[in-house]
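Asker: just the structure for this:
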Amino acid sequence: MTNKQPIGNINMSVFLSKEEFVETLACKAEEKEKLNLYFLNDHGFNIAQKDAEYRKILNRADYLLNDGIGIKLGARIWGIHVGENLNGTDLIPLFLRECEKKDWSVYLLGSTETIAGEAAQHLREKYRRLKVAGSHHGYFRGEQEIVRAINKSGADVLIVGMGMPLQEKFIDRHDRELAPRIRIAAGGYIDFVSGEKPRAPKVMRKLNLEWLFRMILEPKRMWRRNVVGHLQFFFKVIQLKRKKRL
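Answerer: Have a look, this model is predicted:
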């Protein structure tokens, strides 16, 4: 499906730019192939080292894109040179423009009922010709009911924002049942597009410092993930590299 290269025990898709990937994704969607798109940051990498099922799910992804400075540096340790930071919050809007052009509809799944509804409304306002087939919060119990609602909506694209690893596991668990042909594990995208959470200033995003901005806003929640987590990530990446050389 795509050129994947290993960072330790996880195989990541390598693209030079958002535009290159969106063009590739749109072409595949035209062929009506079912595709699962996930994003790999160092937090997800760390989860996958403790959760073998999650690691397999990431490696089964049709596309697994680099997200964040940690992955970029970790990739270099493995001799992989990535281009842009391909995080979902920046990439998804580009893909939604393609959805507008091609008359593809979108369904949002995740966050709270209020935020999911606000995100859907903001998308309708920003992308005038985009069809938002529906939205649902991410705090549900009956998964089959949710799958039926998504399929009944007729959506072509499903954006799931329930956090790692829940969102990827949901998509993988219902891979065969889900009707939308493009399924995207979007992390905090629904919160961002709703206006609930602010994005880092452009200068910080260009410098790959969005993680620092988020840590300033949520120090208690993000401290362990961004400081301890970064150290754990690099330790594991280097450890796996040494094992490969033996």
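Asker: low-confidence ranges in this protein?
Answerer: Flagging of the chain using pLDDT under 70 yields the residue ranges 1-2, 246.
Asker: where do the strands sit along the protein?
Answerer: Listed in chain order, the strands found in the chain under DSSP state E are 4-7, 10-13, 35-40, 63-66, 105-110, 131-136, 157-161, 182-185.
Asker: out of those strands, nearest to residue 215?
Answerer: In this view, the strands of the chain are compared for proximity to residue 215 by CB to CB, and strand 35-40 is the closest at 18.8 Å. For the C-beta atoms, the positions are set from N, CA and C on the backbone; glycine is no exception.
Asker: how far off strand 157-161 does that closest one point, in degrees?
Answerer: Angle of strand 35-40 versus strand 157-161, following axes from the mean of the first three to the mean of the last three CA atoms, to 10 degrees, is 30 degrees.
Asker: and the helices in this structure?
Answerer: If you assign secondary structure with DSSP state H, the helices in the chain sit at 18-30, 42-50, 52-60, 69-77, 88-102, 113-126, 143-153, 166-173, 189-194, 202-206, 210-217, 219-223, 229-245.
Asker: helices and strands around the fourth one, which ones?
Answerer: Read it as helix 69-77. Here helix 69-77 is seen to pack against strand 4-7, helix 42-50, helix 229-245 when contacts are counted using 3 or more CB pairs under 8 Å, 6 or more residues apart in numbering; DSSP states H and E.
Asker: dump the helices of the chain to TSV, plus distance to residue 9.
Answerer: Putting the helices of the chain into TSV (distance: least, CB to CB, whole Å) gives the following:
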stretch	distance to residue 9
helix 18-30	23
helix 42-50	8
helix 52-60	7
helix 69-77	12
helix 88-102	23
helix 113-126	34
helix 143-153	28
helix 166-173	16
helix 189-194	27
helix 202-206	29
helix 210-217	23
helix 219-223	26
helix 229-245	6
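Asker: dump those helices into JSON lines; add mean neighbour count as well.
Answerer: As requested, those are arranged in JSON lines below (neighbours: other CB atoms under 10 Å):
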{"stretch": "helix 18-30", "mean neighbour count": "17"}
{"stretch": "helix 42-50", "mean neighbour count": "21"}
{"stretch": "helix 52-60", "mean neighbour count": "16"}
{"stretch": "helix 69-77", "mean neighbour count": "20"}
{"stretch": "helix 88-102", "mean neighbour count": "18"}
{"stretch": "helix 113-126", "mean neighbour count": "17"}
{"stretch": "helix 143-153", "mean neighbour count": "15"}
{"stretch": "helix 166-173", "mean neighbour count": "20"}
{"stretch": "helix 189-194", "mean neighbour count": "24"}
{"stretch": "helix 202-206", "mean neighbour count": "12"}
{"stretch": "helix 210-217", "mean neighbour count": "17"}
{"stretch": "helix 219-223", "mean neighbour count": "12"}
{"stretch": "helix 229-245", "mean neighbour count": "15"}
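Asker: so which of the ones you listed is nearest residue 160?
Answerer: With CB to CB as the criterion, residue 160 lies closest to helix 166-173 of the helices of the chain, at 4.4 Å.
Asker: pull that closest one out as PDB, backbone CA atoms only.
Answerer: What follows is helix 166-173, C-alpha atoms only, in PDB (Å, rounded to 0.1, in the frame of the first residue of the first chain):
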ATOM      1  CA  LEU A 166      -9.000   3.800  22.100                       C
ATOM      2  CA  GLN A 167      -9.600   5.400  18.700                       C
ATOM      3  CA  GLU A 168      -7.300   3.100  16.800                       C
ATOM      4  CA  LYS A 169      -8.600   0.000  18.600                       C
ATOM      5  CA  PHE A 170     -12.200   1.100  17.800                       C
ATOM      6  CA  ILE A 171     -11.400   1.400  14.100                       C
ATOM      7  CA  ASP A 172      -9.500  -1.800  13.900                       C
ATOM      8  CA  ARG A 173     -12.100  -3.800  15.900                       C
END
